[in-house]
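Engineer: The sequence isn't on hand, but the structure is:
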DNA sequence: GTGTATGAAATCGTATACGATCCAGTGTGA
DNA sequence: TCACACTGGATCGTATACGATTTCATACAC
């Protein structure tokens, strides 16, 4: 069956926001979006409220909705949250990763490694996303999986605007990926995998925190 | 300013669902709720979609909304998620807990201890909630705090229906609380507090898992 | 020049209305 | 008896309409 109009509106807006077409601060006017979609404002409202619940949009009464702002603090909090959730997701997922998936992850990481000589940030980011998805995809707890996705979405919104890559981090990142894969392949204890996956993200987080003269994350 | 009608509807439904007035499976009919609130269906729809995004309600197209079902698997997944998030929230909160808060937490735990002789499950649950709130309330990361609240809400929905207390667990619980408070007071490392807070919840989770002949949580 | 009042335009919030869809109960034929 | 088509009622999905609120530009007073 054709998706409902509110569903279509949701998907369109979600895509535009995470892809960066609508960047943080962009004003989402009900009437305008409704006109573009060829529907009335009611389904658009619903879609926007959904996006609000996911943290991609902020909504103010009688004023309207804007794509969530990307201030540094929020970004860092989101990263910290994702470090925790994704670490757990990866650890829980590990026992269910089969050889094909492991091989796929190694291939992606190799591609990332190859990219280091002629660096291309968007491509690198994309491969990085794919890599991590393979690692947490098998997590048997759907709530955790959902939280991971929401975390990635939030980061995507903000990254599309203004957060720069840290020099030298790409190379480290590839190494850490390899280490993670080794742990998974060796069927290391869950706690150890969790710790490694979390640290992988926390390292980046702490680099940003240091750049902002803030103390490192205690976790 | 008076809250918007959609806000009122949201609050009413949220309360009724988490308090257990509307138990899992209860059918939320737009027209009925609208009539009760003295408003039209539009704001009610919005409220229900919000509850859906929070996982308290399931919504099916052209069919309607029901309070989220409470099957065992879901319940256990929610507990596992909360163990992880709340553990982190407690650890991050710890450095910001002042002496008054610590004293309040000790008082609550003492009340729980006193309750052991003449056990009263609802009262015990309530004190337990208050205790944990004091412990994670100061978490400086608002995303994590929000996730903790959502987790508690989800658990509240399901608990109000059918999950029974585990014999002897209350006494253990009080002891674990005391241990946690000691760690916080001693300004133990964040990782250690996280571990203890998580374990406190995981122990209960594993008891349920064992009762359902399922393997223990690896985290 | 600064600050405040004012009015119009833009936008939101919600009621109402009606077509679309689902569901349950009934009747028919094999 | 069972499977299946049919129908009426309940409920949902969304368009439209209009009052309420905010915002911003303009004009005026000091």
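Structural biologist: That came through, no problem. Computed from a prediction, not measured in an experiment: that's the story for all the values here.
Engineer: Close to chain B: what parts of chain A are there?
Structural biologist: Chain A comes close to chain B at residues A:4, A:42, A:45-46, A:49-50, A:53-55, A:61, A:77-78, A:80-81, A:84-85, A:88, A:91-92, A:95, A:141-144, A:147, A:189-191, A:194, A:218-219, as judged by Cβ under 8 Å from any Cβ of the partner chain. To be clear about C-beta, it is placed using only N, CA and C from the backbone, and glycine gets the same treatment.
Engineer: Buried among those? Make that a PyMOL selection.
Structural biologist: To isolate the buried ones among the residues of chain A next to chain B in PyMOL, judged by 16 or more other Cβ atoms under 10 Å in any protein chain shown, type:
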select buried, chain A and resi 45+46+49+50+53+54+55+77+78+80+81+84+85+88+91+92+141+143+144+147+190+194+218+219
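Engineer: which of the residues of chain A next to chain B are close to DNA strand C?
Structural biologist: Taking Cβ under 7 Å from any atom of the strand as the test, DNA strand C is in contact with A:42, A:45, A:61 out of the residues of chain A next to chain B.
Engineer: mind checking the SS state of the most centrally placed residue in chain A?
Structural biologist: A centroid search over chain A (Cα atoms, centre = their mean) returns residue A:152, at 1.5 Å, as the residue closest to the centre. The three-state assignment at residue A:152 reads helix, by DSSP: H, G, I helix; E, B strand; the rest coil.
Engineer: Where does pLDDT dip in chain A?
Structural biologist: Filtered on pLDDT under 70, chain A yields the residue ranges A:160-163.
Engineer: Without its sequence neighbours, what residue ends up closest to the most far-flung residue of chain A relative to its centre?
Structural biologist: Going by Cα atoms, centre = their mean, the residue of chain A most distant from its centre is residue A:40, 31.3 Å out. Nearest residue to residue A:40, sequence neighbours excluded (Cβ to Cβ, 6 or more residues apart in numbering or on different chains): residue A:34, at 5.7 Å.
Engineer: If you tally nearby residues, what's the number for the one you found?
Structural biologist: As a burial measure, residue A:34 scores 18 neighbours (other Cβ atoms under 10 Å in any protein chain shown).
Engineer: OK, contacts around it?
Structural biologist: The neighbours of residue A:34, taking Cβ atoms under 8 Å, 6 or more residues apart in numbering or on different chains as the test, are A:40-41, A:43-44.
Engineer: all helices for chain A, in order.
Structural biologist: Remark: helices assigned in chain A by DSSP state H are A:5-19, A:30-37, A:41-53, A:72-93, A:99-115, A:121-136, A:142-159, A:169-185, A:190-211.
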